[in-house]
Structure formats: structure tokens, C-alpha cells
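Colleague: Give me the fold of what follows.
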Amino acid sequence: MATASVAARAALAGNPSDGYGGAVTSIPVPTLVATVEVRSGDHSSELVRGVLARWVSTFGRVDSDMTLQVDTTIPRSVGLAGSSAIVIAGLRALARHTHVTLDDWQTIEMAHSIEREDLGIAGGWQDQLSQTAGCPVAMEFAPTKEATPLVPGRRIPFFVAWDEASSEASGLVHNDLHRRLDAESPDVQSMADQARLAARAFEDGDVHALKLAMTATLDLRFDAVPIAARHREMAEVARSCGVACNFTGSGGAIVGVLPKAPEPFLDALAEAGMQTTTWEVG
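Modeller: From the prediction side, this is the model:
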């Protein structure tokens with residue numbers, strides 16, 4: 001049976017301006033992955049039903065007894081794009097199973113339609129662009145949607161920390177944002193500027209400048225978006241250890257550059273009730 005895997009993604013800077021004509025710099029989290037297999041059986045989730053329904057309406061090529069079996073290590077509803085990973089992996093597995101060629105933009109548009117239109121999951125375009133690319137990307141969302149791959153100027157160690165107990169649907173964040181933000185909003189423009197600075201710093205290997213862009217994005221978000229108390233606390237734990245961070249997405253997880261002596265910091269995150277994963281980019 002055909003399979004496909006897609007990693008979680010973490011926004012470094014610029015989020016959540018992707019739904020409002022802004023810009024975001026994002027990286028994959030290769031230690032957190034969703035794998036989808038085409039197999040016989042009953043449909044197991046709303047996401048699976050949504051993927052299959054959109055596929056059939058577009059291509060009409062799935063055996064009636066086929067479904068998608070999902071195996072994921074991406075924690076749910078903490079801003080790591082776990083649902084998008086499943087949807088994109090599902091589309092790719094179906095494409096391999098049915099010998100259909102899907103280019104990147106078809107994948108992006110189908111995945112966005114499944115989540116936003118069919119399933120009513122609120123959000124912008126960051127997840128679909130970055131996870132289809134599967135590499136560090138600088139994304140622009142106005143006047144057109146573009147994703148430019150980024151090559152790091154040096155090896156950079158990252159961490160992601162999350163608290164599944166504080167998970168919340170992304171719609172709780174995004175549903176209210178349209179009243180606060182638009183493409184002309186100073187907050188959106190400032191977030192987009194930080195995403196561009198982060199992309200340049202990433203490619204230059206300028207970790208200090210990257211941290212500044214992440215910190216500035218988080219500060220802008222504190223001012224522009226309601227932040228759950230627990231999510232704010234998570235960010236403050238990192239900052240109290242002298243570590244710059246940003247929310248990976250809608251909330252519930254933070255991302256940052258791992259300090260040179262990581263053990264005390266990782267212990268502090270664990271003591272604060274967070275789980276972590278670490279990896280290097282470059």
C-alpha cells in the first residue's frame with residue numbers, strides 16, 4: 001500500500017500574519033511526523049473523511065473499501081500543524097496509490113480547501129505552503145502566495161516545547177483575528193518585516209539577528225492577539241532562562257534556538273510541565 005510522511009512545522013517569525021497578507025519564515029520539525037497509509041478499512045476520523053471526499057470529488061479514483069491509516073507523533077492542537085501534515089500526507093499517499101501526479105500548487109490548494117472550506121478549520125496559508133515544501137521557507141502572502149526555500153548559513157540547533165494539557169483548536173485564535181488584523185494593519189506589516197529579517201538572518205547564519213526577529217514577533221503578538229495565560233507562561237519560562245522564542249503557530253508550543261549548554265534550560269522546561277524535542281538545521 002502507498003504511504004507518505006509529512007513533518008510538523010514551526011514558524012520562526014512573522015506569524016500569524018499569513019492569513020492577512022503578511023509574511024512568515026518557517027522550518028520543518030523532522031522529529032515530529034505524520035505518516036499516512038492507503039489501506040482497506042473504515043474511515044477513522046473527520047480529517048480522513050475530508051481528504052477522501054475531496055479526492056473523490058476531484059479525481060474519482062478510490063476503491064470503495066479504501067481508507068487512510070494515520071500514524072502521527074505530532075501533538076494535537078498546539079500550533080504545530082498536525083492536521084495539515086495528515087492532510088498533505090494523505091493526498092500524497094492517494095496520489096501514489098492511484099498513480100495521479102500532483103504538483104506542489106495542486107497539493108497546497110487541495111489541502112487548504114479541505115481544511116478551510118470542507119472542515120472549517122480556521123487559519124491562513126502558512127501550513128500548506130511550508131509543509132508541501134518540506135524545507136525551511138520564507139513565505140510571502142501578498143500580492144501572491146510564494147514560498148522561497150532557505151539554506152542556513154550555518155548549523156543551528158532548535159528546540160520545540162509544548163504542553164498538550166494547554167492545547168486549543170486553532171480556530172479559537174484565528175476566528176477573532178479578522179476583526180483585529182488586515183493586510184494594511186501596522187501589526188501585520190511589522191510581523192511581516194520580522195519574518196523577512198529572520199529569513200535573511202537564517203541564510204546568513206546570524207543567530208543573534210534570528211533571535212531578535214523571533215523575540216520581536218512574539219512581542220507584536222502579545223500586543224495584537226489575546227494570549228492564553230498558560231501559553232504566555234510557557235514563553236516566559238524560556239525568556240527567564242535567557243532564551244529567545246516564538247510561538248510555533250496558534251499557541252501551545254514555542255520554538256527557539258537551543259542554548260550552547262542546553263541541559264539546565266531543558267530541565268526548566270520539563271519542570272514547567274512541557275515536553276520537548278530538539279534537532280539541528282543545516
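
Colleague: domains in this protein, as residue ranges please.
Modeller: 3-147, 150-281 (automatic domain parsing).

Colleague: Comparing those, which comes out most buried?
Modeller: For these, the largest average neighbour count (mean count of other C-beta atoms under 10 Å) is found in domain 3-147, namely a mean of 21. Every residue, glycine included, has its C-beta placed from N, CA and C.

Colleague: Quick one: end-to-end distance for it.
Modeller: From its first residue to its last, domain 3-147 covers 25 Å (C-alpha to C-alpha, to the nearest Å).

Colleague: Which parts of the stretch 151-282 of the chain are helices?
Modeller: Per DSSP state H, counting those that start in this stretch, the stretch 151-282 of the chain carries helices over the ranges 170-174, 186-204, 207-224, 229-240, 262-271.

Colleague: Please name every helix or strand in contact with the fourth one.
Modeller: This means helix 229-240. The elements that helix 229-240 packs onto, with contact taken as 3 or more C-beta pairs under 8 Å, 6 or more residues apart in numbering; DSSP states H and E, are strand 253-257, helix 262-271.

Colleague: relative to helix 207-224, how tilted is the first one?
Modeller: Meaning strand 253-257. 150 degrees (axes from the mean of the first three to the mean of the last three C-alpha atoms, to 10 degrees).

Colleague: of all the domains of the chain, which has the lowest average per-residue confidence?
Modeller: Mean pLDDT values for these show the minimum at domain 150-281, a mean of 91.

Colleague: tell me the phi and psi of Ala34?
Modeller: Phi and psi for Ala34, reported as degrees, to the nearest 10, are phi -110, psi 130.

Colleague: Could you pull out the strands in the stretch 51-200 of the chain for me?
Modeller: Ranges of strands in the stretch 51-200 of the chain, per DSSP state E, counting those that start in this stretch, are 66-72, 137-140, 146-149, 156-162.

Colleague: Please identify the pairing partners of the last one and their relative orientation?
Modeller: Strand 156-162 sits in its sheet next to strand 253-257 (antiparallel), strand 275-281 (antiparallel), going by DSSP bridges.
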